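Trainee: Provided below are the primary sequence and the corresponding predicted coordinates.
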Amino acid sequence: MSKVEEVIELAKRRGFFWQAFSIYGGQSGFLNYAPLGVLLKDSVIEAWKRNLLRHGAIFLDSPNVTPEDVFRASGHLERFSDIAARCRKCGTKFKAESLLTETGSIPKTSDEAKELLLANRVKCPVCGSVQWESYDFNVMFRIQTSDGPNLYLRPETAQGIFTDFRLLLNFNRGKLPMITAQLGKGFRNEISPRQGLIRMREFNMGEVEAFLDREALNFPNLPSDSVVKLVPNTLAETRLKLSEAVANSMITQDHAFFLDLAVDVLKDVGLSGDSIRLRQHRKEELSHYARDCWDAEADIDGEWVEVIGIADRGNYDLSRHQQFSGENLEVTEGERSFVPSVIEPAFGIDRICFALLVNAIRKRENGYKYLSLHPDIAPYHCAFLPLQNRDGLDKLAEDVFFQIRKRDPRVTFDQSGSIGKRYARQDEIGTPYCITFDYQSLEDRTVTIRERDTTSQKRINIDRILDLPAEEGRNPFTRLYS
RNA sequence: GCGAGAGUAGUGUAGUGGUUAUCACUGGAGCUUCCCAAGCUCUAAACCCGGGUUCGAAUCCCGGCUCUCGCACCA
């Protein structure tokens, strides 16, 4: 079994994610976050949000359903709602419309396109065959409405921010640079969604749109100036501080700021060092709006998978919306008026969660598995276990549990089965600490705290647990162990 | 979407025309005075869906759905 298979098996069994709508056979490209997965995802989102707030970001929450006009301006409509035709002989693919230019017909459906191609005996430009198949190539889901314009489910959350740019800038009292962010769902009608959380048709993204003045230095100080593995599109792989990469002109200072921010978020959730790298897109890989793009990639069992895309979109989006909407989206500073540029770090929340699980899964010598998740993001921060279900041990454990749960709700209680079985259970879901109440606890109010990765234990006083401070996004039990 | 393979309790599986549908783990209740999935008892839980062939289908055939692998797609 590969690591990925092991993670998927464990995730199904223990409740991280499940196939959606499975009693009806499931629906490909859609997954449910199961109870523990929800908590894990929340941790990732919390780390994302905390890091952005730290740099003064402002947030927006816009609808999933978006009118066609928006995507006409953004270029998505033109680029991603085609009818494709494929030559049955040589397999080359074309836009059906361009093959039919001479006939003057514009097909409305893929069936119609196929009929037209066959009826007109259109030849394949590559091999000359006249055998065609045709299919829809709509990356965007179209919504049926009884009247009015066409609506789509958004393929990215970004457009909601661009269309509210004026309002957001006003809120920000006209100041640039302005970091805006939106957590939300994106929808893409993938032809063949695969690999669990990696490619879904409905997915969670945390997109950031940073508006800036390209002629100014907008973010002079890097958040952490991390040392990272860099894969530029022209040079060999290297390991540098991001400030050095800027000094070497591999990347602009403003772009580097957001690469560093992305690395910080990954670090907070437990992905760092050799398990991540930053890779620059090749020219032909760039999307229609991007001037430059670096992906933060995570090592998923030997394969590098994009988890965050940090694109320099230039002023493409605002220029287009200015043009299509007729609204003035320029910013005036002194005597200069300009359309702001955008750097967009787009965080794939689901992919980050999956990368976390794959990087966390470990096997002990006895073959039992455990998830070495970062203590701050584990679904449960700590488990409370009475050694025995009697003699007042259960009562004492419950009392402490109920008190601590008011302060840190990310705790769980387990009194079923042998103590070893319960440790194993918590190990498998990545709970970093287990607090066990034994007979000595009744005498001197001490308990043992066990750490997941080492399985070693310490004895501490119950009052130290009750005195733990609550810190948002942090696992307070770490203080008891270190 | 194409080609190939596959779908049996929560998980992993046995079963190739007639079985009370196998086994293990997990889950639940309890016993054993119990700190690393020990043992014992009891218990819950499955043939992806729909058609067809047949006296009889988990098993054969067709269609759908889903999964895996290649190809393509991944803005």
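Mentor: Thanks, I have the structure now.
Trainee: ok, now which ones touch A:Ala256?
Mentor: A:Leu222, A:Leu242, A:Ser243, A:Ala245, A:Val246 (Cβ atoms under 8 Å, 6 or more residues apart in numbering). In short, each C-beta sits where N, CA and C put it, glycine included.
Trainee: equivalent analysis for A:Ile349, please.
Mentor: Here A:Ile349 is in contact with A:Lys41, A:Val44, A:Ile45, A:Trp48, A:Leu183, A:Phe203, A:Asn204, A:Met205, A:Gly206 (criterion: Cβ under 8 Å, 6+ apart).
Trainee: okay, now the fifth one: neighbour count?
Mentor: Going back to what we said before, that points to A:Leu183. 19 (other Cβ atoms under 10 Å).
Trainee: A strand includes it, no?
Mentor: Yes: residue state for A:Leu183 (DSSP: H, G, I helix; E, B strand; the rest coil) corresponds to a strand.
Trainee: any idea how far it is from RNA strand B?
Mentor: Between A:Leu183 and RNA strand B the computed distance is 17 Å (Cβ to the nearest atom of the strand, to the nearest Å).
Trainee: same question, the third one
Mentor: Here the criterion is Cβ to the nearest atom of the strand. By it, A:Ile45 lies 20 Å from RNA strand B.
Trainee: where does that residue fall, secondary structure wise?
Mentor: According to DSSP states H and E, A:Ile45 maps onto helix A:35-53.
Trainee: pLDDT weak spots in chain A?
Mentor: A:80-83, A:87-95, A:97-98, A:101-102, A:104-111, A:124-128, A:135-137 (pLDDT under 70).
Trainee: now for A:Pro476: which residues touch it?
Mentor: A:His381, A:Arg407, A:Asp408, A:Leu468, A:Pro469, A:Ala470.
Trainee: try 6 Å this time
Mentor: Going by Cβ atoms under 6 Å, 6 or more residues apart in numbering, A:Pro476 touches A:Asp408, A:Leu468.
Trainee: repeat for the one 4 residues further on
Mentor: With contacts defined as Cβ under 6 Å, 6+ apart, A:Leu480 is in contact with A:Ile449, A:Ile460.
Trainee: distance of A:Leu222 relative to RNA strand B?
Mentor: 27 Å.
Trainee: what of A:Pro193?
Mentor: 6 Å.
Trainee: ok, for that residue, nearest residue in space, not its chain neighbours?
Mentor: A:Gly29 (3.3 Å; Cβ to Cβ, 6 or more residues apart in numbering).
Trainee: now A:Ser43
Mentor: A:Ile377 is the one closest to A:Ser43 (Cβ to Cβ, 6+ apart), at 3.6 Å.
Trainee: try A:Asp376
Mentor: Per Cβ to Cβ, 6+ apart, closest to A:Asp376 is A:Asn475, 4.9 Å.
Trainee: tell me which residues touch that neighbour, please.
Mentor: Counted by Cβ under 6 Å, 6+ apart, A:Asn475 has contacts A:Pro375, A:Asp376, A:His381.
Trainee: which of the three states applies to it?
Mentor: On the basis of three-state DSSP, A:Asn475 is classed as coil.
Trainee: distance of it from A:Val70?
Mentor: Distance, A:Asn475 to A:Val70, using Cβ to Cβ, to the nearest Å: 41 Å.
Trainee: which bits of the stretch 251-400 of chain A sit near RNA strand B?
Mentor: Neighbours of RNA strand B within the stretch 251-400 of chain A, by Cβ under 7 Å from any atom of the strand: A:Glu285, A:Leu286, A:Ser287, A:His288, A:Ala290, A:Asn366, A:Tyr368, A:Lys369, A:Leu387, A:Gln388, A:Asn389.
Trainee: mind giving me the PyMOL command for buried ones among the residues you listed?
Mentor: Command for PyMOL that selects the buried part of these, burial taken from 16 or more other Cβ atoms under 10 Å:
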select buried, chain A and resi 286+290+369+387
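Trainee: of all the residues of the stretch 251-400 of chain A next to RNA strand B, which two lie farthest apart?
Mentor: The largest distance within those, taken as Cβ to Cβ, falls between A:His288 and A:Gln388 and amounts to 65.1 Å.
Trainee: good, we can wrap up now.
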